[in-house]
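1. Okay, sequence plus prediction incoming.
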Amino acid sequence: MVEAGTSYGVSTIYLALAVGQNVARGKASLGVTTTAGKVIATEKEHVKAVRAREYWKEAGDEVEARIELRQGGLLETLKVEEGMPQEIDLLLLDSKYATLSPPITLAVTYKHTS
């Protein structure tokens with residue numbers, strides 16, 4: 001999952017919990033012991049990023065271990081060259097910067113599996 005515009009990280013906590021539950025279900029249904037899953041969170045404002053990390057730590061390892069915070073602008077933090085996966089399962093675009101000029105364009109590929 002990617003959350004563009006983490007702010008103080010409250011919604012990120014819920015995303016991380018959902019990822020954890022999905023990973024647990026995937027392990028059970030596949031009969032495996034490891035399955036990757038994380039939330040890549042972005043935040044441009046340093047003060048908000050610091051506060052978000054504090055909340056995640058308070059929420060515990062179940063949450064904190066599932067979150068990768070990338071601090072900076074969307075055009076830099078969400079580049080494939082910066083370690084972004086080629087495909088993501090969910091994008092929460094909750095950033096005031098997404099509506100500013102120049103327009104930010106994110107190419108999202110929908111992949112349906114049955």
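-> Arrived safely.

2. alpha carbons only for contacts and neighbour counts from here, please
-> Noted.

3. which residues touch the closest residue to E64 other than its chain neighbours?
-> The spatial neighbour of E64 that comes closest, neighbours along the chain excluded (C-alpha to C-alpha, 6 or more residues apart in numbering), is W56 at 5.1 Å. Going by C-alpha atoms under 8 Å, 6 or more residues apart in numbering, W56 touches G9, I13, V63, E64.

4. Go ahead and confirm the last one touches E54.
-> The reference is to E64. No. Using C-alpha atoms under 8 Å, E64 is not in contact with E54, being 9.6 Å away.

5. quick one on the thing from earlier: please, which helix or strand holds the residue nearest to E64?
-> helix 46-59 (DSSP states H and E).

6. Give me the contact list for the lowest-mean-pLDDT helix or strand in the chain.
-> Of the helices and strands making up the chain, the lowest-confidence element is helix 74-77, at a mean of 80, by mean pLDDT, DSSP states H and E. Applying C-alpha under 8 Å, 6+ apart, the external contacts of helix 74-77 come out as A4, T42, K44, R70, Q71, E82, I104.

7. mind checking how far the helix holding W56 is from the chain centre?
-> In terms of C-alpha atoms, centre = their mean, to the nearest Å, the centre of helix 46-59 is found 14 Å from the chain centre.

8. sorry, back to before: which one of the contacts of helix 74-77 is nearest to L91?
-> In terms of C-alpha to C-alpha, no member of the contacts of helix 74-77 lies closer to L91 than A4, at 7.5 Å.
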